[in-house]
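J.: This is a predicted model, with the sequence first.
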Amino acid sequence: METFLEILSPSFLLFPALLGSSVLGLVCPLVGAHLILRRTVFLGLTLPQIAGAGVAFALWLQQMGLLSTLGGGERTVGMVGSLLFTFLGMGFLGYLEHRGKGLAEGRLAAAYSLAGALTILFIVFNPVGEVEILSLLKGEVIALSRTEIKILFGVFGSVLAGMLLFRREFLLASFDRDLAFLLKGGNLFWDIMLYLLAGLSIAIGVIMAGPLLIFGFLVLPPLAARPLIRGMTSFLSLSSLLGVLMAFFGFYLSVRLDLPLGPTDVALGCGLVFLAYAAGKFKTKLGAVACILFVSFFAASGCSTKVSTPLPLDRLPKESTIWLARVRNSTGLELRLPGTNPLRSLAEVAGKISAEERQTVMGLMRESLAEEFGQRGMQVSHPETRDKRLVAFPGSVAESVKIARESQLSGLLFLTEIRRWSAERQFVRVWVDFKLVRIEDGTLVWERQVQRAVPTPAAGHLGQAYTDAIKEIMRELFAA
Amino acid sequence: MDGPHPLVSLKAVSLGYDSEPVLRGIDLTIHLGDLIGMAGPNGSGKTTLFRAILGLLPILSGSLERDCLLSDFGYVPQSSSLDPNFPLTAGEVVEMGSYGRLRPYQWMPSEEKEKAKKSLDQVGLSHLVAKSFFSLSGGQKQRILIARALMVNPKILILDEPLAGVDQESRKAITELLIKLNRDNKLTVFFSSHDLDMVRAVADKILRVDKGKTWWESKENPAL
């Protein structure tokens, strides 16, 4: 990811996920705007929670073997549970609303509490796969497969079409129910249509992106748009625009700064709301424009503080030796590649073979670096072959150079430090610092920080994911 | 009070909520070209009667006949009954009057936009088309809602307390507008107010509502 605009390129690996995120940002605010205007915004909080309970319930049933005939993966099962619970929940809340007993806020608060409690209970009932369930509930647009992105496009495209086609009917039924009755013959059909679209987008959105992000997209862009405009058309348009901005900048910040997407988007959305209300005090369109520009500039400048460059191989003297230091591991984790041979695993359990004999991410990365340098005609050596004391270098460049000089090394010293390495579904979150230093004068010739989610869609197991991530990082470092 | 071609006719109608009558024995006919004012204190059932005529409230007993469609009613609610949470321009509020004629996939046709402009011209507020509806004064909001009702192409205009919360200047403008719409446009107008003097000054026929009963007041001799 060399520049800010690179993520807009269709060749960018996470481009489909960015599209998915943007679709959510485009459509959810249109639904959320109506919930806010109808003063049923708590429905936007409660329904995602109910949908989450549905996900946990469906996965529990699957674990019990009761949904084995359904087919499909965990996400499909979760989606069915999400849809079922969302529409049942809406129907039940609608029934209570129709009876008109008690406060609407009270009913929603009770439903929210119940759904939250049930979600936890269903997770507890499920003796296996707790992490997977929590991961599904958390939702990660970034980890969506192409098929899931297509489903997302289909569902949210339909919701968008519905919201645009029936915009007048929804507005009238929300704003003036008496006039809607006179002109359109009733409100019930349009209420059902609106809540159907809301339920569909929430149920599918929760399984794709998690309750937090969906609630954020539903509510925050319309709240930010509200003080900036005075017409309904511009309100809906600006809500969608701010939703897309929130999705785009949130996505970029999340990938660039290695932050979880949901909280990043929501925090950004809250920032937009504060800025919008501040700009709204000016009571001019200029204030609104300035607000959006400020946020855009802030996000863009914040994201582009580090411009990454590949290794300047053509400027490195070929006769110089590159001393490839052992890769430092600052994660506190072993980062050992899991064994794929069951016999070997059994032997490890039996104590016949040490687990330490398995390859590590650090070792694999060093091997890959040596191979890449070698393929480009560079002379690579390992410092410990010259001096056995050089098995590890400190984190400081100055200290490392000093030690290298003391051991009579000359040429270039290549330092690598892994600060974060964690695998998630279909990607590995990494933070690795690379530095190339001239030993003679201690000059930092080049440095690079790779801090992002590296997609590993083809990996079938953890070891493959680690290997694929390292390959991807090498491609980035040694790009022509 | 009977005559040819009644638009709306109520005979021995009782109205109320949860089977509890609020108004009993209502006999009322509204003819084409009528300018009727309904006067009564707050809470006497004026809005209840309007809601029944508009089909928004089922009658408890008696008969109610309409010689027109529900979409032929131009209804002007009290502006305070509308939620100020909605971001709407005055123009957008007026355009709502055309929604009954538009299909979901249709963009607003130019003739409808033209009609909205004419409706705003009729109430003398075309210069406020882009203003936020809820930032307008009470009188301006009421006139915008009248323009919205005119957009419906109504046969009968029903106005619920059009002068409530309206300053003196706007009261004059609205009453003149109602008379003009009735006299010049031959529009049937039925409005309510708790201000009996105002009703007497504007309406041709005066319907009194109080203590669960309705009766016609003689214009010439109010005591009758």
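T.: Cool, the structure landed.
J.: secondary structure element for residue 44?
T.: In the absence of a named chain, this looks at chain A. helix A:41-63 (DSSP states H and E).
J.: Is that helix in proximity to chain B?
T.: No - against chain B, helix A:41-63 shows no contacts by Cβ under 8 Å from any Cβ of the partner chain, the least distance being 10.5 Å. C-beta: built from backbone N, CA, C; applies to glycine.
J.: which is the next helix or strand following that helix?
T.: helix A:74-99.
J.: Just name whatever secondary elements the following helix or strand past that following helix is in contact with.
T.: The C-terminal neighbour of helix A:74-99 among helices and strands, as given by DSSP H and E, is helix A:104-125. With contacts defined as 3 or more Cβ pairs under 8 Å, 6 or more residues apart in numbering or on different chains; DSSP states H and E, helix A:104-125 has these neighbours: helix A:41-63, helix A:74-99, helix A:130-138.
J.: so of these, which one's packed in deepest?
T.: helix A:41-63 (a mean of 25; mean count of other Cβ atoms under 10 Å in any protein chain shown).
J.: Let me know the angle separating that one from helix A:74-99.
T.: Angle of helix A:41-63 versus helix A:74-99, following axes from the mean of the first three to the mean of the last three Cα atoms, to 10 degrees, is 140 degrees.
J.: so A:Leu364 touches A:Ile470, yeah?
T.: Yes - A:Leu364 is within contact range of A:Ile470, at 5.7 Å (criterion: Cβ atoms under 8 Å).
J.: residues contacting the residue of the stretch 201-350 of chain A found nearest chain B?
T.: Of all residues in the stretch 201-350 of chain A, the one sitting closest to chain B is A:Arg230 (3.7 Å; Cβ to the nearest Cβ). By Cβ atoms under 8 Å, 6 or more residues apart in numbering or on different chains, the contact set of A:Arg230 is B:Pro87, B:Leu88, B:Thr89, B:Ala130, B:Lys131, B:Ser132, B:Ser135.
J.: Which parts of the stretch 201-350 of chain A are helices?
T.: Taking DSSP state H, counting those that start in this stretch, the helices of the stretch 201-350 of chain A run over residues A:211-225, A:232-256, A:261-280, A:285-303, A:342-349.
J.: tell me how far the one helix or strand A:Val430 maps to is from the chain's mean position?
T.: If you go by DSSP H and E, A:Val430 is part of strand A:427-438. Once both centres are worked out by Cα atoms, centre = their mean, to the nearest Å, strand A:427-438 turns out to sit 21 Å from its chain's centre.
J.: same for it, what does it pack against?
T.: Judged by 3+ Cβ pairs under 8 Å, 6+ apart, strand A:427-438 is in contact with helix A:397-406, strand A:412-424, strand A:444-455, helix A:462-477.
J.: Pairing partners for that strand, with directions?
T.: With DSSP bridges as the test, strand A:427-438 is paired with strand A:412-424 (antiparallel), strand A:444-455 (antiparallel).
J.: returning to that earlier point: once you drop chain neighbours, what's closest to the residue of the stretch 201-350 of chain A closest to chain B?
T.: Distance criterion Cβ to Cβ, 6 or more residues apart in numbering or on different chains; nearest residue to A:Arg230, sequence neighbours excluded, is B:Ser132 at 3.7 Å.
J.: Show me which of the contacts of A:Arg230 are buried.
T.: Buried members of these, counted by 16 or more other Cβ atoms under 10 Å in any protein chain shown: B:Pro87, B:Leu88, B:Thr89, B:Lys131, B:Ser132.
J.: check contacts around the last one.
T.: What it means is B:Ser132. Applying Cβ under 8 Å, 6+ apart, we find B:Ser132 in contact with A:Arg230, A:Gly231, B:Pro87, B:Leu88, B:Thr89, B:Ala90.
J.: Which phi and psi values does it adopt?
T.: Main-chain torsions, B:Ser132, degrees, to the nearest 10: phi -70, psi 130.
J.: helix/strand/coil for the residue nearest to A:Ala398 when sequence neighbours are not counted?
T.: Among residues not flanking A:Ala398 along the chain, A:Gly442 sits closest, at 6.4 Å (Cβ to Cβ, 6+ apart). Put simply, A:Gly442 is coil when judged by DSSP: H, G, I helix; E, B strand; the rest coil.
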